[in-house]
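Undergrad: predicted model follows, preceded by the sequence.
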Amino acid sequence: MKILYTNFHAGNGGGHVTYIINLAKALARDHEITVAAPATSRLYRYARAIPGVTVVDMQYTTRPSSWFKDRARLRRLIKAGGFDIIHVNGSADHKQVMLATLGMARRPRIVFTKHNDHPLSSFGHKLRVALATDHGIAVSDYVHGLMQRSPYSKRPITTIRHGIDTNFFAPPPPESLDKLRALIFGPAWEGKLLLGSAGGTDYDKGWLDLVAAVAALPPADKARVLLMVAGDPPSEAKLARVRELGMIDQVRFPGLLDDVRAALASCHAGFVLSYREALSFACREIMGLGLPALVTDAGGLPENVTDGVDGWIVPVRDVPAMTARLRFMLDHPDTVRAMGVRARETSLRDFNLDRFAAATVDVYQRTRDGRRAL
């Protein structure tokens, strides 16, 4: 098949970009893949490194001065490419694809992935469903429910949870762990419970709730916990809150990391304590590295974890519940290690790229063949 992926993010792009890169890597051997994204984006840079993938600089701006020019460029690309499938990944690129394909005698089939929990009730969504959507992909059962209660219910919807590269996100050699821990947490890591996240330092990522949960432990136990939060450096207001809780010497901020594996693998457990989440690549990467994950019950996040088996699920912003799980981890280190082994088993069984890619190709084939049957 000839497949065009579109994405509007001009910078990092987060999970959208990881999603498309994983699909492009998995499918490039057997399909003709084109990625149309801004040249300034992480997606553009990473996709260019994948053998056999064609990458095109494409803007999806809403500025009137460039709107028609960008739409015309996209229309020319679609006409020349002869694509079977256009896979759109956000409202901005979905809208431009809709406009670029208007009036085409035979447009490619269009698949839309819903990556977040933003509302779907606008007139724009209704138009895109009517004119430029043949199949919807939900990244979790939670998101599937949102789509089913929206105009997208007029089209087939399939739930396909993210895949990760479980060979890339794999536990490091055990003999390297001491060095990693000293590198990330400093020489005083021994005898401590180490927890980490690469979800970022925004307030709604819930990491400050975990800082508060550690602070609520008895002093001797509080001193036995170190945290690591990778992402953009926290603001002074956030650091002030960490100081207020008496935790400034127990939280490490390594910054925004291109490769999070070493930082996460140095930990005994990972955490994703978001206030809202569609599914979470970050959680799946934690579990791929062989760490149990402490997560909230936000959105599709708990669909990654079996509570008490390969991680723990707590209510959003429930600091006492987090403190209780910390107490368990401190008292049962052997169980934490065993849960990490099971987390790795879960990732190999449920998160692998082959499963993710095969399910996505099945949607493409059903969508393409449905058009041919018309």
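TA: Sure thing, it's come through.
Undergrad: from now on I want contacts and neighbour counts done on CA atoms only, so please keep to that.
TA: OK.
Undergrad: dump the residue contacts of residue 267.
TA: Neighbour list for residue 267: 181, 193-196, 291 [criterion: C-alpha atoms under 8 Å, 6 or more residues apart in numbering].
Undergrad: so which of the residues you listed sit within helices?
TA: Judged by DSSP state H, the contacts of residue 267 include residue 181 as members of helices.
Undergrad: of the contacts of residue 267, just the buried ones, ChimeraX syntax please.
TA: Here is the ChimeraX command that selects the buried residues among the contacts of residue 267 (16 or more other C-alpha atoms under 10 Å):
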select :181,193,194,195,196,291
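Undergrad: mind listing which of the contacts of residue 267 are in strands?
TA: Among the contacts of residue 267, DSSP state E puts 193-196 in strands.
Undergrad: just confirm residue 135 contacts residue 155, I think it does.
TA: Yes: counting by C-alpha atoms under 8 Å, residue 155 is a contact partner of residue 135 at 5.7 Å.
Undergrad: how near is residue 115 to residue 137?
TA: From residue 115 over to residue 137 the distance is 9 Å, taken as C-alpha to C-alpha, to the nearest Å.
Undergrad: as a markdown table, the contacts of residue 267 with pLDDT and distance to residue 76 would be great.
TA: Listed next are the contacts of residue 267 as a markdown table, based on pLDDT from 0 to 100; distance: C-alpha to C-alpha, whole Å:
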| residue | pLDDT | distance to residue 76 |
| --- | --- | --- |
| 181 | 98 | 52 |
| 193 | 98 | 56 |
| 194 | 98 | 53 |
| 195 | 98 | 50 |
| 196 | 98 | 46 |
| 291 | 98 | 47 |
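Undergrad: and which of the contacts of residue 267 is nearest residue 257?
TA: Closest approach to residue 257 among the contacts of residue 267 (C-alpha to C-alpha): residue 196, at 13.1 Å.
Undergrad: which ones are touching that closest one?
TA: Applying C-alpha under 8 Å, 6+ apart, we find residue 196 in contact with 227-230, 263-264, 267, 269-271.
Undergrad: partner residues bridging it?
TA: Beta-bridge pairing for residue 196 (DSSP bridges): residue 228, residue 270.
Undergrad: what's the lowest-mean-pLDDT helix or strand in the chain packed up against?
TA: Lowest by mean pLDDT, DSSP states H and E among the helices and strands of the chain is helix 64-81, with a mean of 87. In terms of contacts (3 or more C-alpha pairs under 8 Å, 6 or more residues apart in numbering; DSSP states H and E), helix 64-81 is packed against helix 91-101.
Undergrad: which SSE is immediately downstream of the helix it packs on?
TA: strand 109-114 (DSSP states H and E).
Undergrad: now the angle from that following strand to helix 91-101?
TA: For strand 109-114 against helix 91-101, the angle by axes from the mean of the first three to the mean of the last three C-alpha atoms, to 10 degrees is 170 degrees.
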